[in-house]
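J.: Next come a sequence and a model predicted from it.
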Amino acid sequence: MKKILFISGSLGLGHIGRDLEIVKILRKFNPNIEVSWLADYPASTVLKEAGEKLLPEAELITHGNKELESKAKNHRVNLTRWVMNMRKNWSKNAKIVIEVIQREKFDLVIGDETYDLGIELLRDPSLKQFPVVIIYDFLGLDTVTNNPIDMITTYYTNRLWSKIITHKPKLCDKTIFIGEIEDIQNKKFGLLLPNKRKVAEKYFDVVGYILNFNPNDYSDKEKIRKTLGYGNEKLVICSIGGTSAGKELFDLVIKAFPIIRKEIPNFQMTLVLGPELPIDYVKPIEGVTVKGYLPNLYKHLAAADLAIVTGGGTITLELTALQKPFLYFPLENHFEQEIAVAQRCKRHNAGIKMNYSKTTPRKLAEEVIKNIDTKVQYTKIPIDGAQKAAKLINMLL
């Protein structure tokens, strides 16, 4: 029996689905494995519901969800400052992880965006006494403000990140990139630092995207609607993802709702609050349904005539694969959503990027009316990433 530790280290819920998909396929390749997990809430809840083995140390680590939410205001959160503030937590996380690895003697460690472990191994390479796989879906920080502190944090974090990837001897036996090479900017990490895309081409295995469903199974909108209990009305799904950082988006859509209804009398909207907001955060009105956490949100997206979402990497990817019209509002000062996700959507000709601080309820209503149930034709994307990632990981076993 091979023992694997999987650390799902990202914010929110976007990555835990793809991590479980990788493990599901890895178990088909190699039934002789035992997988233990470390993850922060709310990803830990998903793992428990899936019947996975969550180690007790999961309660001792933090991947920054609460930190991000506490700093978010008016659909704005400075992700660069979040990185700076997380350094102490990352150091604490890494020590816990190393202790667990040494105690349990895992045959392989897989980390999805485990910056804490990478930094610790760079600090003391002698700790690397086990095979390591690291998973990314973007590379490098970007400065989205003119604040000198943000600029310095971006530069030194990028220098650290590039050192972790290019270190000799290697700190990671495999570095897997979820996406396409074009998702990585063809520019330097910073002054006198290497080019991001060239580093990726040399050190990464680029596998394509990962979904935990087949979009072809959800092409019949009417069938999906019937299964989920929706009627024939025009339907919009609004979701902010696995954190509460974009909660102000709900306030905006509620104000836009009556304006839309004047033009589309049978218009219906479902608000998906996610795991972090209480169900009474939004007071429902006629024609608006409020839901909490929906484990299979993609099914509801498939049933919709249009979606309104934040700039999360996973949900915008799902909407692209489902060929659904959508409006997305990146969290302002969130460099991943404002730059990495937005550039990927633009390259795939997918979605309409919106600016929260410049969007009035009337402007949002006009965009919904104009784009609801429109026929879209996004770039076809590779979605066999889980199969390729599991094959690469299995080679190390």
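T.: Looks like it came in fine.

J.: the helices in the stretch 151-300 of the chain, which residues?
T.: Along the stretch 151-300 of the chain, counting by DSSP state H, counting those that start in this stretch, helices occupy 196-203, 221-228, 248-263, 297-303.

J.: Please disregard the earlier target; I meant the stretch 1-150 of the chain.
T.: Assigned by DSSP H, counting those that start in this stretch, the stretch 1-150 of the chain shows helices spanning 14-29, 43-49, 65-71, 79-104, 115-123, 148-166.

J.: how about the strands of the stretch 251-397 of the chain, start to end?
T.: Counting by DSSP state E, counting those that start in this stretch, the stretch 251-397 of the chain has strands at residues 268-272, 288-291, 306-310, 326-329, 352-353.

J.: ends of stretch 307-320, how far apart?
T.: Stretch 307-320 stretches 11 Å from its first residue to its last (C-alpha to C-alpha, to the nearest Å).

J.: could you give me the average pLDDT of that stretch?
T.: If you average the pLDDT over stretch 307-320, you get 97.

J.: low pLDDT regions in the stretch 151-300 of the chain?
T.: Applying pLDDT under 70 to the stretch 151-300 of the chain flags no residue at all.

J.: and if we set it to 80?
T.: Scanning the stretch 151-300 of the chain for pLDDT under 80 picks out 284.

J.: Contacts for stretch 58-76 next, please.
T.: Stretch 58-76 is contacted from outside by 9-12, 37-44, 77-79, 81-82, 85-86, 89, 92-93, 96-97, 242-249, 276, 329, 331-333, 356-357, using C-beta atoms under 8 Å, 6 or more residues apart in numbering. Every C-beta, even on glycine, is put in place using the N, C-alpha and C of the backbone.

J.: Format the strands of the stretch 251-397 of the chain as CSV; extra columns: distance to Gly190 and mean neighbour count.
T.: Converted to CSV, the strands of the stretch 251-397 of the chain look like this (distance: least, C-beta to C-beta, whole Å; neighbours: other C-beta atoms under 10 Å):
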stretch, distance to Gly190, mean neighbour count
strand 268-272, 38, 23
strand 288-291, 43, 16
strand 306-310, 28, 26
strand 326-329, 28, 23
strand 352-353, 26, 15
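
J.: To Asp220, which of the ones you listed lies closest?
T.: For Asp220, the closest of those is strand 306-310, at 17.6 Å, according to C-beta to C-beta.

J.: Paired strands for the closest one, with orientation please.
T.: When sheet partners are counted by DSSP bridges, strand 306-310 sits next to strand 235-239 (parallel), strand 326-329 (parallel).

J.: Just want the angle from it to strand 268-272.
T.: 30 degrees (axes from the mean of the first three to the mean of the last three C-alpha atoms, to 10 degrees).

J.: looking at it, Leu277 is touching Ala245, isn't it?
T.: No. Assessed by C-beta atoms under 8 Å, Leu277 is found out of contact with Ala245, at 10.6 Å.

J.: Give me the more crowded residue out of these two.
T.: Between Leu277 and Ala245, counted using other C-beta atoms under 10 Å, the more crowded position is Ala245 (29 against 20).

J.: For the more buried one, what are phi and psi?
T.: Backbone torsions for Ala245, taken as degrees, to the nearest 10, come to phi -60, psi -30.

J.: For it, which non-adjacent residue is spatially closest?
T.: Once flanking residues are discounted, Ala245 sits nearest to Ala72: 3.8 Å by C-beta to C-beta, 6 or more residues apart in numbering.

J.: neighbours around that neighbour, how many?
T.: Ala72: 21 surrounding residues under other C-beta under 10 Å.

J.: same question, Arg87
T.: Arg87 has 15 nearby residues by other C-beta under 10 Å.

J.: Tell me how far it lies from Arg123.
T.: The gap separating Arg87 from Arg123 is 12 Å, by C-beta to C-beta, to the nearest Å.

J.: model confidence over stretch 130-149, on average?
T.: Rounded mean pLDDT across stretch 130-149 is 96.

J.: okay, Gly64: pLDDT?
T.: 87.

J.: next one: Ser70
T.: At Ser70, the pLDDT value in this model is 89.

J.: could you dump stretch 42-56 to CSV, C-alpha only?
T.: Provided in CSV are the C-alpha atoms of stretch 42-56 (Å, rounded to 0.1, in the frame of the first residue of the first chain):
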residue,chain,number,x,y,z
PRO,A,42,-14.8,25.0,3.5
ALA,A,43,-12.8,22.5,1.4
SER,A,44,-12.5,20.2,4.5
THR,A,45,-16.3,19.9,4.6
VAL,A,46,-16.4,18.7,1.0
LEU,A,47,-13.7,16.1,1.8
LYS,A,48,-15.7,14.8,4.8
GLU,A,49,-18.9,14.6,2.6
ALA,A,50,-16.9,12.7,0.0
GLY,A,51,-15.9,10.1,2.7
GLU,A,52,-12.2,11.0,2.4
LYS,A,53,-9.7,10.7,5.2
LEU,A,54,-9.0,14.1,6.6
LEU,A,55,-6.1,14.2,9.1
PRO,A,56,-6.8,15.9,12.5
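
J.: Same list (the strands paired with strand 306-310) but as CSV, adding distance to Gly351.
T.: Formatted as CSV, the strands paired with strand 306-310 follow (distance: least, C-beta to C-beta, whole Å):
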stretch, distance to Gly351
strand 235-239, 14
strand 326-329, 5
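
J.: how about those strands, which one is nearest Ala342?
T.: Among those, strand 326-329 sits nearest to Ala342 (C-beta to C-beta), with 8.1 Å.

J.: ok, residues contacting the helix or strand that comes right after that closest one?
T.: Counting by DSSP states H and E, the next helix or strand C-terminal to strand 326-329 is helix 335. With contacts defined as C-beta under 8 Å, 6+ apart, helix 335 is touched by Leu79, Thr80, Leu141, Asp142, Thr143, Val144.

J.: for those residues, which one is nearest Asp107?
T.: Checking the contacts of helix 335 one by one against Asp107 (C-beta to C-beta), the nearest turns out to be Leu141, at 32.6 Å.

J.: list the contacts for the closest residue to that closest one other than its chain neighbours?
T.: Closest residue to Leu141 apart from its sequence neighbours, by C-beta to C-beta, 6+ apart: Thr154 at 4.4 Å. Contact partners of Thr154, counting by C-beta under 8 Å, 6+ apart, are Thr80, Leu141, Asp142, Thr143, Gly190.
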